[in-house]
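S.K.: Fold the following, please.
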Amino acid sequence: MKILDGGMGRQLKANGAPFRQPEWSALALIEAPEAVVKAHRQFVAAGAQVITTNAYAVVPFHVGEQRFEHDGFELIRKASQLARGVADESTGVSVAGCLPPLFGSYVPGNFEPEKAPRMLATFIKAQDRYVDLFLAETQSCAAEIKAVQLAMRNSDKPLWVSCSLMDDQVDVGTARLRSGERLDEVISQILNEDRLPEAVLFNCSQPEVMHTAIRQARSLLSEQIEVGVYANAFAPKNSSAKANSELSAERLDLDPESYLTFAKGWAHDGATIIGGCCGVGAEHIKRLSEGLSK
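M.R.: Prediction:
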């Protein structure tokens with residue numbers, strides 16, 4: 001079992017780091033990089049074996065077009081350098097280079113295929129030297145994933161692809177991405193590309209919707225491709241929701257113990273990579289590490 005870290009944004013906020021719109025988690029990277037280091041260290045101390053670079057919000061949606069053009073590469077590189085430094089303080093900790101949704105979370109209709117290759121190249125080039133793998137996060141449509149697979153042809157680092165799922169698809173026959181596309185069809189597309197991922201994950205969705213997705217993915221993927229989960233702790237989002245458009249309320253029923261209960265179910269379903277997304281803090285990861293190691 002590989003243990004991932006938790007949600008960086010809420011961990012920064014809990015630590016009192018600069019955290020507001022529009023920059024969101026990128027604000028600490030710009031104004032207080034020591035706060036990013038502290039958050040990474042907290043997750044490692046909690047038992048995370050993989051920490052993800054704090055580059056998720058270094059996109060025009062959050063930092064603006066002009067800042068991204070002028071400073072984006074250096075900010076992304078800084079994020080990877082900070083994570084690398086923390087990982088190297090410990091043994092057995094890997095760094096995942098974040099490849100975020102480029103045009104906003106939960107809004108697959110905003111994806112611009114003509115702009116994506118250049119932006120993805122920036123993220124990959126800025127992080128490639130410092131990371132052990134790349135993690136494409138919160139991918140909400142098949143076109144996003146295809147763009148990532150094409151862009152990753154220029155890197156020999158392992159690729160993990162993580163899909164965000166519709167929150168109302170509990171106990172249904174097939175899981176769906178936020179675009180409405182069926183998971184089985186999306187996996188078929190993933191497997192038809194030359195650049196195969198070493199893991200397919202599901203993130204930034206309700207814990208309850210993960211079971212169907214894990215079972216489907218495990219039945220469709222070869223044993224060589226791992227399956228993973230890192231759910232969020234937010235109330236369900238409808239199809240019109242945009243992640244980070246406002247500070248979402250956290251679910252009161254998802255304390256570390258209850259999150260571990262979900263995680264044990266995911267492991268039973270076939271997940272071998274488990275962590276947390278938005279609202280899942282270091283205390284949750286500590287309980288995951290303790291509970292799943294048994």
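
S.K.: For the closest residue to residue 183 other than its chain neighbours, list the residues it contacts.
M.R.: Once flanking residues are discounted, residue 183 sits nearest to residue 175: 4.2 Å by CB to CB, 6 or more residues apart in numbering. Heads up, the C-betas are built off the backbone N, CA and C, glycines and all. Going by CB atoms under 8 Å, 6 or more residues apart in numbering, residue 175 touches 165, 166, 169, 182, 183, 202, 209, 212, 213, 216.

S.K.: Please repeat the previous calculation with a cut-off of 7 Å.
M.R.: Under the criterion of CB atoms under 7 Å, 6 or more residues apart in numbering, the neighbours of residue 175 are 165, 169, 183, 209, 212, 213, 216.

S.K.: now do residue 47
M.R.: Shown in contact with residue 47 (CB under 7 Å, 6+ apart): 3, 285, 286, 289.

S.K.: The third one reaches residue 46, doesn't it?
M.R.: Yes - with contact defined as CB atoms under 7 Å, residue 286 and residue 46 form a contacting pair (3.9 Å).

S.K.: residue ranges with poor pLDDT in this structure?
M.R.: By pLDDT under 70, the low-scoring segments of the chain are 169-172, 237-248, 294.

S.K.: quick one on the thing from earlier: what are the phi and psi values for the residue nearest to residue 183?
M.R.: phi -80, psi 160 (degrees, to the nearest 10).

S.K.: pull the longest helix from the chain.
M.R.: Assignment by DSSP state H gives helix 65-87 as the longest helix of the chain.

S.K.: Which strands and helices lie in contact with it?
M.R.: helix 26-31, helix 33-46, strand 50-52, strand 94-99, helix 116-127 (3 or more CB pairs under 7 Å, 6 or more residues apart in numbering; DSSP states H and E).

S.K.: Export those as JSON lines, with columns for distance to residue 154.
M.R.: JSON lines is the format used below for those (distance: least, CB to CB, whole Å):
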{"stretch": "helix 26-31", "distance to residue 154": "24"}
{"stretch": "helix 33-46", "distance to residue 154": "27"}
{"stretch": "strand 50-52", "distance to residue 154": "20"}
{"stretch": "strand 94-99", "distance to residue 154": "13"}
{"stretch": "helix 116-127", "distance to residue 154": "7"}
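
S.K.: out of these, nearest to residue 84?
M.R.: Proximity to residue 84 (CB to CB) singles out strand 94-99 among the helices and strands packed on helix 65-87, at 5.5 Å.

S.K.: Just want the angle from the closest one to helix 33-46.
M.R.: Counting by axes from the mean of the first three to the mean of the last three CA atoms, to 10 degrees, strand 94-99 lies at 130 degrees to helix 33-46.

S.K.: and residue 161, what element?
M.R.: Using DSSP states H and E, the element containing residue 161 is strand 159-163.

S.K.: quick one: the strands in this protein?
M.R.: Secondary structure of the chain by DSSP state E: the strands cover 2-3, 50-52, 94-99, 133-139, 159-163, 199-203, 226-231, 273-276.

S.K.: partners of the first one in the sheet?
M.R.: Spelled out, it's strand 2-3. Partners of strand 2-3 in the sheet, by DSSP bridges, are strand 273-276 (parallel).

S.K.: what's the partner strand in contact with?
M.R.: Contacts for strand 273-276 (CB under 7 Å, 6+ apart): 1-7, 48, 199, 201, 226, 228-231, 263, 266-267, 284-285, 288, 292.

S.K.: Over to stretch 187-197?
M.R.: Contacts with stretch 187-197, where a contact means CB under 7 Å, 6+ apart, come from 142, 145-146, 149, 152-153, 159-161, 200, 217, 220-221, 225.

S.K.: Okay, residue 110 and residue 144: tell me how far apart.
M.R.: Distance, residue 110 to residue 144, using CB to CB, to the nearest Å: 10 Å.

S.K.: out of those two, which sits in the busier spot?
M.R.: Legend: neighbour count by other CB atoms under 10 Å for residue 110 and residue 144, higher for residue 144 (26 against 15).

S.K.: re earlier: give me the ChimeraX select line for the contacts of strand 273-276, limited to the buried ones.
M.R.: The buried residues among the contacts of strand 273-276 can be selected in ChimeraX (16 or more other CB atoms under 10 Å) with this line:
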select :2,3,4,5,6,7,48,199,201,226,228,229,230,231,263,266,267,284,285,288,292
